[in-house]
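Colleague: Let me see the structure of the following:
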Amino acid sequence: MDYYSHYREQDDSYQLNREHQQTVGELCERNCGIPLLEKTAYITGLTHDAGKYAEEWQKYFWKSCREDTWAGREKLDHSTLGGLIVESYEPGSIFADLARTAIYMHHGTADCVSVEDKTSLAERRRKKYTKEEIAALRRICEEETVKSGRESGRENDLPELCRAARADVMKLAEYLNQMLKTKEKSGGYGSVQFYLGMCERMLLSLLGDADVTDTVAFVQNEDAQRRLADEELHRIWKEALSHLELKLQNMKTDQKAASPLNSMREEISERCREAAYQKASRYRLAVPTGAGKTLSSLRFALTKAAECGMRHIFYVAPFRSILEQNTADMIDAVGNEKWVLEHHGEVVPEDEEESLRYERLIENWDEVPIVATTAVQFFHTLFKEKKRNLRRFHALCNSVIILDEVQAFPQKVMALFNLSVNFLTEVCGSVVVLCTATQPLTEAV
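Modeller: Below is the predicted model:
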């Protein structure tokens, strides 16, 4: 029989569950910025809705499609079985812990340990189904994933995929352990558990975003592949950098602007450009106010992005007044306002069409190469439990992140901030610039 996942009323169409899961798995894998987590990300997508293969859920689905009075119905759990099936392949492994938790929570986060009775989320979910029920759904899941793999040109052998993913996660854990041993003398690096927790957040981000993206794409009859292609990004970085270099050259040749201050700005800007060719992942830019910090840091970021094939440039500022002014300067510098997204609570789109576009862009930060946002939005993306914050988290991978006026960041979040910077630079392949006119003590970063 065929198993369905979603219904599109406008043309009375149905989406096969295996097609939905295959697309979500491929989106998770493609968007994952941690190579050793790619197989796990793919598996979470490939099995996240395995509970929809249950006869009870299919009856629930058909009733919801055909009965007008079904609105407001109590939702039927379909996330538990996917987690239990994945766990059954590699029980007790870190891979199983990461994958099943992401699947359990792909419609909303929950406490891993109950405050009321101290039971774990895994224990509570295991009690929902018998071993026989899990085994029966596992057979259907394996058959359906083989079909979806064949249809998309892939070999979907779930047991083999899980073995390979477990091996990669073990390598990732070994890397984290080795990193901490190497860095322990410098302090401020925390524990392996913290970094594995951030990997869990990465899976939640990937799965949550991919699930919503494919569902909305089907319902609206659109293409789910909206992320900028690598070739398009490379072209944007080159064009933006050429526009900025031309602007800087014009400023340099303007005799009216000749002054000792402008000579200093030129020297700072040139040193930032040269620094982009270094292999470091963390930088400091401490220059006085008025020394051209915005354009210098942008020159560094564009050069680094073009040289290393980065996915995004993020500019983060603690104050909206600074953000708005510097966003305008960046748009002028790169020469195309469509390449820069300004994201904060006070943005007011001009019309309904622009409002819909803006809402779509801030959902995951993935369709625009340069994002200018507030420290509040940045910290929410790093730490908040709401799904709309989680969905953006994976976009921080393989990016240049300029953190302006870091001395103004709240002191109470600095410990977590330091650890997060370590995660982004040591695990996610990102480059972070701590940028300020008054550099604070951040030796632990």
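Colleague: going forward, measure contacts between C-alpha atoms and count neighbours the same way
Modeller: Noted.
Colleague: Quick one: low-confidence residue ranges for this structure.
Modeller: Low-confidence segments of the chain, defined by pLDDT under 70: 67-74, 185-188, 254-258, 348, 438-445.
Colleague: Look at the most centrally placed residue in it and give its secondary structure.
Modeller: Per C-alpha atoms, centre = their mean, the C-alpha nearest to the average position across the chain is that of H394, at 1.2 Å. Here H394 takes the helix state, with states given by DSSP: H, G, I helix; E, B strand; the rest coil.
Colleague: heads up, I number from 454, so please use that
Modeller: Noted, 454 is the first residue going forward, which turns the last one into H847.
Colleague: wait, it sits on L659?
Modeller: Yes. Counting by C-alpha atoms under 8 Å, H847 touches L659, with 6.3 Å between them.
Colleague: show me the contacts for the residue nearest to the centre of the chain.
Modeller: 484-486, 655, 658-659 (C-alpha atoms under 8 Å, 6 or more residues apart in numbering).
Colleague: residues of the longest helix along the chain that come out buried?
Modeller: Secondary structure of the chain per DSSP state H: the longest helix is helix 645-672. By 16 or more other C-alpha atoms under 10 Å, the buried positions in helix 645-672 come out as 645, 648-649, 651-668, 671-672.
Colleague: go on, stretch 613-628?
Modeller: Buried residues in stretch 613-628, counted by 16+ other C-alpha under 10 Å: 614-615, 618-623, 625-626.
Colleague: could those residues be laid out in JSON lines, adding secondary structure and distance to K746?
Modeller: Below are the buried residues of stretch 613-628 laid out as JSON lines (DSSP: H, G, I helix; E, B strand; the rest coil; distance: C-alpha to C-alpha, whole Å):
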{"residue": "L614", "secondary structure": "helix", "distance to K746": "48"}
{"residue": "C615", "secondary structure": "helix", "distance to K746": "48"}
{"residue": "A618", "secondary structure": "helix", "distance to K746": "43"}
{"residue": "R619", "secondary structure": "helix", "distance to K746": "45"}
{"residue": "A620", "secondary structure": "helix", "distance to K746": "44"}
{"residue": "D621", "secondary structure": "helix", "distance to K746": "41"}
{"residue": "V622", "secondary structure": "helix", "distance to K746": "40"}
{"residue": "M623", "secondary structure": "helix", "distance to K746": "42"}
{"residue": "L625", "secondary structure": "helix", "distance to K746": "37"}
{"residue": "A626", "secondary structure": "helix", "distance to K746": "38"}
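Colleague: Kindly reformat those as CSV and extend each row with distance to K580.
Modeller: Shown next, in CSV, are those (distance: C-alpha to C-alpha, whole Å):
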residue, distance to K580
L614, 26
C615, 23
A618, 26
R619, 25
A620, 28
D621, 29
V622, 27
M623, 28
L625, 31
A626, 29
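Colleague: picking that back up, can you check which residues contact both of H847 and L659?
Modeller: 484-485.
Colleague: Now the spatially closest residue to L574 that is not a sequence neighbour. Its backbone dihedrals?
Modeller: For L574, ignoring the flanking residues on the chain, the nearest one in space by C-alpha to C-alpha, 6 or more residues apart in numbering is C565 at 4.9 Å. Main-chain torsions, C565, degrees, to the nearest 10: phi -70, psi -20.
Colleague: C565 - how many residues pack around it?
Modeller: Burial measure for C565: 15 neighbouring residues, criterion other C-alpha atoms under 10 Å.
Colleague: need the contact list for it.
Modeller: Applying C-alpha under 8 Å, 6+ apart to C565 gives the contacts 573-575.
Colleague: Just the buried subset of those, please.
Modeller: For these, buried by 16+ other C-alpha under 10 Å: A575.
Colleague: Between the contacts of C565, which sits nearest D550?
Modeller: Taking C-alpha to C-alpha as the measure, D550 lies nearest A575 of those, at 8.7 Å.
Colleague: Within the helices and strands, which one has the closest one?
Modeller: Per DSSP states H and E: A575 is located in helix 574-579.
Colleague: Give me the distance between that helix and the centre of its chain.
Modeller: 27 Å (C-alpha atoms, centre = their mean, to the nearest Å).
Colleague: Tell me which other helices or strands it touches.
Modeller: Other elements packing on helix 574-579 under the criterion 3 or more C-alpha pairs under 8 Å, 6 or more residues apart in numbering; DSSP states H and E are helix 533-542.
Colleague: Which residues does the helix it packs on contact?
Modeller: 500-504, 549-550, 552-554, 556-557, 578-579, 582, 587-588, 590-591, 612, 615-616.
Colleague: quick one: which of those sit in helices?
Modeller: 500, 549-550, 552-554, 556-557, 578-579, 587-588, 590-591, 612, 615-616.
Colleague: Now the buried members of those.
Modeller: By neighbour count, with 16+ other C-alpha under 10 Å, these hold 500, 549-550, 552-554, 556-557, 587, 590-591, 615 as buried.
Colleague: For A729, state which of those residues is nearest.
Modeller: Within those, proximity to A729 (C-alpha to C-alpha) peaks at A552, which comes in at 36.1 Å.
Colleague: what's the distance between the closest one and E807?
Modeller: Per C-alpha to C-alpha, to the nearest Å, A552 is found 37 Å from E807.
Colleague: same deal with F876?
Modeller: F876 sits 35 Å away from E807, going by C-alpha to C-alpha.
Colleague: of these two, who's got more company?
Modeller: Shown here are F876 and E807; by other C-alpha under 10 Å, F876 has more neighbours (21 against 12).
Colleague: shouldn't the more buried one be in contact with Y648?
Modeller: Yes. F876 is in contact with Y648 according to C-alpha under 8 Å; the separation is 6.6 Å.
Colleague: elements contacting the helix or strand following the longest helix of the chain?
Modeller: Sequence-wise, the next helix or strand downstream of helix 645-672 (DSSP H and E) is helix 683-706. Contact here means 3+ C-alpha pairs under 8 Å, 6+ apart; on that basis helix 683-706 packs against helix 746-761, helix 773-787.
Colleague: Output those in a markdown table; the columns should cover mean neighbour count and distance to A677.
Modeller: Output for those, formatted as a markdown table (neighbours: other C-alpha atoms under 10 Å; distance: least, C-alpha to C-alpha, whole Å):
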| stretch | mean neighbour count | distance to A677 |
| --- | --- | --- |
| helix 746-761 | 22 | 25 |
| helix 773-787 | 17 | 28 |
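Colleague: Turn the ones you listed into TSV, including distance to N817.
Modeller: Below are the helices and strands packed on helix 683-706 laid out as TSV (distance: least, C-alpha to C-alpha, whole Å):
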stretch	distance to N817
helix 746-761	19
helix 773-787	19
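Colleague: Nearest to E692, out of those helices?
Modeller: Per C-alpha to C-alpha, nearest to E692 of the helices and strands packed on helix 683-706: helix 773-787, 7.7 Å.
Colleague: Run the chain-centre distance for that closest one.
Modeller: Counting by C-alpha atoms, centre = their mean, helix 773-787 comes out at 24 Å from the chain centroid.
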